[in-house]
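In: Attaching a predicted model along with its sequence, questions to come.
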Amino acid sequence: MTMSGTGYVLGRPLEALSPDDIRHAAHAQLSMLRSLAIFDRQFVLANGTMRQRQRYHDLARTIKSEAFAARAEMAQSYLRDMADPATASFVVPREDGLSSIDLSDHPLVRATVSESQALYDGAVAEGRTFSSKGSLDFVAAASKEFTEKSALFALASSPLIVGPVAAYFGVFPILTGFGLTLARNDAFHRKSSQRLHFDPEDRSQLKVFVYVTDVDARSGPFMAAPASESKHLFDAPEFILDRQDDSIVAPGAIREFHGKAGTVIFCDTCRCLHAGAREGDRHRLMISIEYNMPSHLGAALYTDDPEPVRLRTRAIKAETSDPYLRALMGQTYI
Ligand SMILES: O=C(O)CCC(=O)C(=O)O
Ligand SMILES: [Fe+2]
């Protein structure tokens, strides 16, 4: 293309352009600007289309290819050397992004469930009020009520849980947050996680939910459609995240998870439409543990990236030379 004089666009002088040509040129500019916007993590997190989210993910994987390669190797050695027999053959199938297992007899899970129940009972006895968002009250969170000494941190950093997560990602994960929520299940909030949605943090992540109370149809069960049943929306290039009615998925696609305290659900909340805590007659206490890859939108994209980094486990004092724990805490390979 020659660029001489003043007005050459699309290789032609300005006078020779039709309004259509100008619209095309403007459109090309706009789509370039939109793809530049994927460098703005806050924008992608809050407003990105599915296409922009995928582009950001691909870009982060490219920029962080060394961290991904190191974490892929770590996942293999971890699964070979560290696996817990109770979940060694448990898998979260890639096509579903969803699976559950009853671990109520496992000592780590039992300790975690009683710790959370005691924390909640203590808070209620003191008359504490919880901060809340829509259908969920936040009872306790990583680095405040749950320190590095908590049973929940021991569980969240154990091969029992980290093993299946590493196997699902194919890379050793980062633990980005964990906490305890209370669902009162007494009202329906249209703009809440009671309606089907995807989480915004990446194109794939795992949330591990542990029921602290027994959960049935009347106590706000967690529910999700497998990734294969959520794909039409996950792959819709222009879709911008928003709450959906259940009719967005095929009849029968939504799985509802009932189980006693100690039931553990693994859900890729970026790939699976999910919801929970709908109206019922009993409260639900549930732990949520969040695992990400280095491509997630809370991590810096490059050295000196000025945008704020979101890592809700930063105050957990895990000063250690254990390479797995360091990687898990996001101290290495990010
Ligand atoms: O409360 C629930 O069951 C849903 C929670 C949820 O959407 C989430 O943790 O991402
Ligand atoms: Fe969610």
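Out: Received, thanks. Ligands and ions are numbered 1, 2, ... in the order given.
In: Next, residue 111: secondary structure please.
Out: For residue 111, the assignment made with DSSP: H, G, I helix; E, B strand; the rest coil gives helix.
In: Please report the distance of the nearest residue to it once chain neighbours are set aside from residue 113.
Out: Nearest residue to residue 111, sequence neighbours excluded (CB to CB, 6 or more residues apart in numbering): residue 151, at 4.0 Å. All C-beta atoms are positioned from the backbone trio N, CA, C, and that covers glycine. Look at residue 151 and residue 113: by CB to CB, to the nearest Å, they are 9 Å apart.
In: returning to what we had before: and the residue nearest to residue 111, how many neighbours?
Out: Counted by other CB atoms under 10 Å, the residues lying close to residue 151 total 18.
In: For it, which residues are in contact?
Out: By CB atoms under 8 Å, 6 or more residues apart in numbering, the contact set of residue 151 is 108, 111-112, 114-115.
In: Write the ChimeraX selection for whichever of the residues you listed are buried.
Out: A single ChimeraX command selects the buried members of those (16 or more other CB atoms under 10 Å):
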select :108,112,115
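In: What are the phi and psi values at the residue nearest to residue 111?
Out: Note on residue 151: backbone dihedrals following degrees, to the nearest 10 are phi -60, psi -30.
In: Which residues of the chain lie near ligand 2?
Out: 193, 199, 269 (CB under 5 Å from the ion).
In: can you redo those residues as TSV with pLDDT?
Out: What follows is the residues of the chain next to ligand 2, written out as TSV (pLDDT from 0 to 100):
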residue	pLDDT
193	95
199	98
269	98
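In: ranking those by neighbours, who comes first?
Out: Within these, residue 269 tops the neighbour count with 24 neighbours, counted by other CB under 10 Å.
In: Quick check: nearest residue in space to that one, chain neighbours excluded?
Out: If the residues on either side of it in the chain are set aside, residue 269 comes closest to residue 199, at 4.0 Å by CB to CB, 6+ apart.
In: ok, that neighbour to residue 141 distance?
Out: 17 Å.
In: quick one on the thing from earlier: of all the contacts of residue 151, which comes closest to ligand 2?
Out: Nearest to ligand 2, judged by CB to the ion, of these is residue 112 at 21.0 Å.
In: wait, doesn't that closest one sit right on residue 152?
Out: Yes - counting by CB atoms under 8 Å, residue 112 touches residue 152, with 5.1 Å between them.
In: what's across from the nearest residue to residue 153 once chain neighbours are set aside in the sheet?
Out: Distance criterion CB to CB, 6+ apart; nearest residue to residue 153, sequence neighbours excluded, is residue 146 at 6.0 Å. Note on residue 146: beta-bridge partners by DSSP bridges are residue 142.
In: Helices of the stretch 51-200 of the chain, start to end?
Out: 65-81, 107-125, 151-156, 159-169 (DSSP state H, counting those that start in this stretch).
In: Averaged pLDDT, the shortest one. What do you get?
Out: It refers to helix 151-156. What helix 151-156 shows for mean pLDDT is 97.
In: Tell me which residue of the stretch 151-300 of the chain lies closest to ligand 1.
Out: Closest to ligand 1 within the stretch 151-300 of the chain is residue 276: 1.8 Å, counting by CB to the nearest ligand atom.
In: Using a markdown table, please lay out the residues of the chain next to ligand 2 together with distance to residue 28.
Out: Compiled in a markdown table, the residues of the chain next to ligand 2 are given as follows (distance: CB to CB, whole Å):
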| residue | distance to residue 28 |
| --- | --- |
| 193 | 38 |
| 199 | 33 |
| 269 | 35 |
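In: about what we covered before: could you tell me which residues make contact with the residue of the stretch 151-300 of the chain closest to ligand 1?
Out: 135, 183, 193-194, 220-223.
In: Check residue 258 too.
Out: Taking CB under 8 Å, 6+ apart, one finds 215-217, 221 in contact with residue 258.
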